[in-house]
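Colleague: Need coordinates for the following:
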Amino acid sequence: MMIKKDLCVYVKRSKSKFLIRFLYVDVILLVGNNKEMIVATQGWLSSKFETKDMGEESYVLGVKILRGHSRKPFGLSQETYIKKVLE
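Modeller: The predicted structure follows:
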């Protein structure tokens, strides 16, 4: 399913599992709650396109990706972007 307001965001759902695929120019960011679904998607993409796994992202478009513990496993911060704008 493609998000109607953003043509670069795709969501795949299967019962309690989900995968979100963000596309920006030549970067694909996969986010989900099921490692097997992410790995399968990476494999499919690699079979169709020339890809390079860059590992876990820490920043995307000026937004910092926060990885925490089990109670708060994921977050986003625009602190760096906001500081740049204010400067």
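
Colleague: Where does pLDDT dip in the chain?
Modeller: Per-residue confidence for the chain (pLDDT under 70) gives these ranges: 1-6, 69-73.

Colleague: Strands along that one, start to end?
Modeller: In the chain, the strands defined using DSSP state E lie at 9-14, 17-24, 27-32, 59-60, 63-67, 74-77.

Colleague: how about TSV for those strands, with distance to V39 added?
Modeller: Yep, even glycine has a C-beta here, placed from its N, CA and C like the rest. Putting the strands of the chain into TSV (distance: least, C-beta to C-beta, whole Å) gives the following:
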stretch	distance to V39
strand 9-14	13
strand 17-24	11
strand 27-32	9
strand 59-60	20
strand 63-67	18
strand 74-77	18
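
Colleague: Redo those as a markdown table? Include distance to D53 and mean neighbour count.
Modeller: Compiled in a markdown table, those are given as follows (distance: least, C-beta to C-beta, whole Å; neighbours: other C-beta atoms under 10 Å):
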| stretch | distance to D53 | mean neighbour count |
| --- | --- | --- |
| strand 9-14 | 19 | 13 |
| strand 17-24 | 14 | 15 |
| strand 27-32 | 10 | 15 |
| strand 59-60 | 15 | 12 |
| strand 63-67 | 16 | 13 |
| strand 74-77 | 20 | 10 |
